[in-house]
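Peer 1: below are the sequence and a predicted model; questions follow.
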Amino acid sequence: MSMVTARVAAVIALLYAARRYYRNWGTTKEECRLWLLGDELIRQPSTRSIEGVWIDAPPSAVWPWLTEALRPDGDLSAGDVVVVGPTDHVGWIDPPIMRVKQVVVRESIVLHGEPPDFPWDAVWSFHLQPRWEDRCRLLLRMRAQLRRPGDVLKVEIAGPATALTMRATLRAIKQKAEAATNSSQLQPTP
C-alpha cells in the first residue's frame, strides 16, 4: 500500500510541476504579474496562464500575422466572432467561439467567450510589446472564471493540449513575421 501511495504522490508532484511550467510558458515573473488589457473582464479568475515568445520583428510586422491567425481575412473589430476550435472535426457540431471585445491596432486583441458558445467564461488576450526598434514580445494571457466543480476538471484536462496548441500558434506567428522581416531586409532598395 505504501508503494502505491508513493507512486500516486510522485505522479501528482510531476503533474503539478508540469502544470506550473505550461501555465507560464516562456514568460518572466514580471510579465505574469502585469495588468493587461482584458484583465478587467474577469477580475478574480479561477485559473490563468500566460505564454510568450520573443520575435525578431517590430510589432507592425507581427500584427498582420497575429490577426490572420485569429481570422483568415485578418480583419478584426469589436463584436467579430473568432472560432477557436477545430471546424472540421467529426465530433464537433458547433466549434467553440469567442467574440472580439477590444482591438488596439498593433498592440492587443481581447477575445471573450462565455456559455453557450464557449464551455466557460474565459478571456484570451494577445499583446504585442515593443522591445527596442526591431524586436517585440508576443504574449497570450488566458483567464477563466469557473462556476462548477466539473469546469475545474475540464480546464485541467484541457490545459496541456491548450498550452501546446497555443504555443504552436505563437511560434507560427513568430516564424512568419521573422521570415517576412528578413525577406524585406534582403530586398534591394531603389
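Peer 2: That came through fine.

Peer 1: where is the longest helix in the chain?
Peer 2: helix 149-186 (DSSP state H).

Peer 1: packing partners for it?
Peer 2: Applying 3 or more CB pairs under 8 Å, 6 or more residues apart in numbering; DSSP states H and E, one finds that helix 149-186 contacts helix 2-23, strand 47-55, helix 59-70, strand 135-145. No exception for glycine: its C-beta is placed from N, CA and C like everyone else's.

Peer 1: which residues pair with the residue nearest the centre of the chain across the strands?
Peer 2: For the chain, the residue nearest the mean C-alpha position is residue 140 (3.8 Å; CA atoms, centre = their mean). Applying DSSP bridges to residue 140 gives these bridge partners: residue 51, residue 126.

Peer 1: still on that earlier bit, single out the most deeply packed of the helices and strands packed on helix 149-186.
Peer 2: Most buried of the helices and strands packed on helix 149-186 by mean neighbour count (mean count of other CB atoms under 10 Å) is strand 135-145; its value is a mean of 22.

Peer 1: between helix 59-70 and that strand, find me the angle.
Peer 2: Put simply, strand 135-145 runs at 40 degrees to helix 59-70, going by axes from the mean of the first three to the mean of the last three CA atoms, to 10 degrees.

Peer 1: got the angle between strand 135-145 and helix 149-186?
Peer 2: Calculated by the same axes, to 10 degrees, strand 135-145 forms an angle of 170 degrees with helix 149-186.

Peer 1: sorry, back to before: the residue nearest to the centre of the chain: what's it in contact with?
Peer 2: Contacts here follow CB atoms under 8 Å, 6 or more residues apart in numbering; on that basis residue 140 touches 50, 51, 52, 124, 125, 126, 127, 166, 170.

Peer 1: nearest to residue 116 among the residues you listed?
Peer 2: Distance to residue 116, by CB to CB, is smallest for residue 124 among those, at 17.8 Å.

Peer 1: show the pLDDT at residue 72.
Peer 2: Residue 72 is assigned 81 on the pLDDT scale.

Peer 1: start the count at 163 instead of 1 going forward.
Peer 2: Renumbered: residue one is now 163, and that last one reads residue 234.

Peer 1: does it sit in a helix, a strand or a coil?
Peer 2: coil (DSSP: H, G, I helix; E, B strand; the rest coil).
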